[in-house]
Every structure is written in structure tokens, then in C-alpha cells.
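# quick one: sequence and predicted model below, then my questions.
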Amino acid sequence: MAVAQLNAPLCASPPVPVVGIRHSNLPHNERFVVVGNHLAQHDRLSLTAIGLSVHIQSLRTGTRISVKKLAERFPEGEDRISDALGELERYGYLRRTRVRLPSGQLITTTESFSNPPAMRVRAPGQPAPVPQREAPPPSVEPPVPDPVAGPEPVPQRQQPGRGPRPTAEHPPPTPPRPVPAALLADLRRHDPRLLLSQRDIGRLAPAVDAWLERGIAPDAVRRTLTAALPAGQLHHPAGLLRHRLTELLPPPLPAAPPGASRPDPFQTCDACDLAFRAPEPGLCGGCIPHAAALTSA
């Protein structure tokens, strides 16, 4: 009988896989933008807003970023892009201002801030730091097209017959929009058991957005989520809502038959960049009364 060799080498154990994300980083020597973790890991901004802010920070000075132009560049659509721009404004990453030119034309100036937390943190008694603005491109030589930012946009001419627009001194109020996060956060008013955390709202918002993109009214989505809830305590309200949003998602509307009336196309308001349906471009319903008041004055 062979004697066991106690000094025999052990078999090599297989490598243990690393749990979670692994990074393979290479330095960028050209064509890059620096993004802080305060934006990349923001706990309140949506992924659409974070990605849109990174895109805006990578653009050259003077590039137009209206809702319509961004919707032509990305597949999210005008509604989601408009909501994302509003988020960036609320958290200090973007500022849009209406300015009247000497010619009388109203334009929208957009200012992007790469580090809002640094602007808010300052020593007592010191003024708030002024964000550094990029130097405008030289006017002597034409700008070179940028492969990432795309060709330099052509200024749009003001079309006649659209009527007056609100001034910067009297900006039009922004009408409420069916934001998925706001709809989910409001559910606890209808049933206190539907109290959701910020993380749950962020995970469920894309599912709600899928309902809205199929033409379902926000009130109908709310009724679906709050109707016929089981009695007693809800241990996992987010799981219940996720199940309803996934399993009860209505199918897309079939194509309209020939000759049937179709809804008006989306237009971008000339005053506030809000997306609305209308047969022709112009002002949205929230800006028309202010324009009429300015005309009568």
C-alpha cells in the first residue's frame, strides 16, 4: 500500500471573482470633461438629468440647447428633456434667463454650473464666488466644427405673426407637469401605507414614465396604483407598485386609420421652452395670458 505524502503540493484554488463593479481606467489626454461626484452620484437628480448635465458641460460656449434641439439629438423626447432641465435648475446646475435685445427680440440665455456645492460653501462674511465663464470664441475666424458637439447651429429667425412675448420683468409661470417622481411621492396622501423612500421613487419612476409615454393620464396611473389595495399592513409597498406598473401596463395605441383625426404635433413655447401640442408654433397656454396683458398695457 502506498504511503500518503503529507508534503505534496495542494491544488491551486480558483480565483475568487470580485463582487460588484470593477473599473478599468485609462487617462484622457484630450476631448474630456471633468464631472464631480456631487453630480454623478446625486441622490435626488434622475439619471436623465445627470446625463443631460454632463452633455451640457461638454458643449462649447454658444451652442444652443433648447428643448427642441436636445430632443433632436437624444431619444428621450421633449417632455423628459424639459423635466430634466427643470431638475437641473432646481438644484443649481443650470440657469435660464429671458433677455430682451436692443432690437426688441427676446432670447433665452443659458448658464451651466459645473460645481454648485462649491458656490454654496464659503466662509462667514465672504461673498459668494462668481462662477467662471468660458471665454467666447473669437469672432475673427470661423469656429471649427466639433465632432462631439455637432455643427454650429444656425440662428433661428423670428417668424412674423406670432404676437408679443412675455418680458424678462414678467416671466410666465411654469405650469405643472406630470413628473413621475412627484406622482409617486404623492401616493402617501391617498394611502399612508404607500410611503416610499427616495431610492424606491427613483427605481419606480421609469415604469411610471412608460405609462405616461403611452398617453395614460397621471390621474389614471394614480388610480391604478391605489385601487383595491390589500387590507392590513403593506410590508413591501414598492414591490406591490412595481408589480402593478409592470403587469397592468396598457398596450400602445394602434395606428389611427386613414382619414382619422390625429393629435396636434408637439411644439416648443417661444417664451418658456415648454413642450405643448398645437397645430403651429407659438406660445403655450400659460404664456398667452401674459402676452395679452403686455399688449393691452
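Everything's here; your move.

# and the helix ranked longest in the chain, which residues are buried?
Secondary structure of the chain per DSSP state H: the longest helix is helix 198-213. In terms of neighbour count (16 or more other C-beta atoms under 10 Å), helix 198-213 has its buried residues at Asp200, Ile201, Gly202, Leu204, Ala205, Ala207, Val208, Asp209, Trp211, Leu212. Placement of C-beta: from N, CA and C, glycine included.

# who touches it?
Helix 198-213 has contacts (C-beta atoms under 8 Å, 6 or more residues apart in numbering) with 43-44, 46, 77, 79-80, 178, 180-181, 183-185, 196, 218, 221, 237-238, 241-242, 245-246, 249-250.

# in helices only, show me the residues you listed.
79-80, 180-181, 183-185, 218, 221, 237-238, 241-242, 245-246.

# from the residues you listed, which is closest to Arg31?
Distance to Arg31 across these (C-beta to C-beta) is lowest for Arg80, with 26.9 Å.

# not counting sequence-adjacent ones, nearest residue to that closest one?
Residue nearest to Arg80 in three dimensions, not counting chain neighbours: Thr48, with 5.7 Å by C-beta to C-beta, 6 or more residues apart in numbering.

# list the contacts of the one you found.
Contacts of Thr48 by C-beta under 8 Å, 6+ apart are Glu76, Arg80, Ile81, Asp83, Ala84.

# 6 Å instead, please
Glu76, Arg80, Ala84 (C-beta atoms under 6 Å, 6 or more residues apart in numbering).

# need these in a markdown table (columns: distance to Gly62, pLDDT and neighbour count).
Listed next are the contacts of Thr48 as a markdown table, based on distance: C-beta to C-beta, whole Å; pLDDT from 0 to 100; neighbours: other C-beta atoms under 10 Å:
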| residue | distance to Gly62 | pLDDT | neighbour count |
| --- | --- | --- | --- |
| Glu76 | 24 | 88 | 18 |
| Arg80 | 25 | 90 | 23 |
| Ala84 | 21 | 91 | 24 |
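
# out of those, flag the one nearest to Val33.
Taking the contacts of Thr48 together and measuring to Val33 by C-beta to C-beta, the closest member is Ala84, at 17.6 Å.

# test my guess that that closest one contacts Ala49.
Yes: using C-beta atoms under 6 Å, Ala84 is in contact with Ala49, at 4.1 Å.

# confirm Glu111 sits in a strand?
Yes: per DSSP: H, G, I helix; E, B strand; the rest coil, Glu111 lies within a strand segment.

# and Phe276, that's in a helix?
No: under three-state DSSP, Phe276 sits outside any helix and is assigned strand.

# so who does the spatially closest residue to it that is not a sequence neighbour touch?
Once flanking residues are discounted, Phe276 sits nearest to Cys284: 4.3 Å by C-beta to C-beta, 6+ apart. Contact analysis of Cys284 by C-beta under 6 Å, 6+ apart lists Cys269, Leu274, Phe276.
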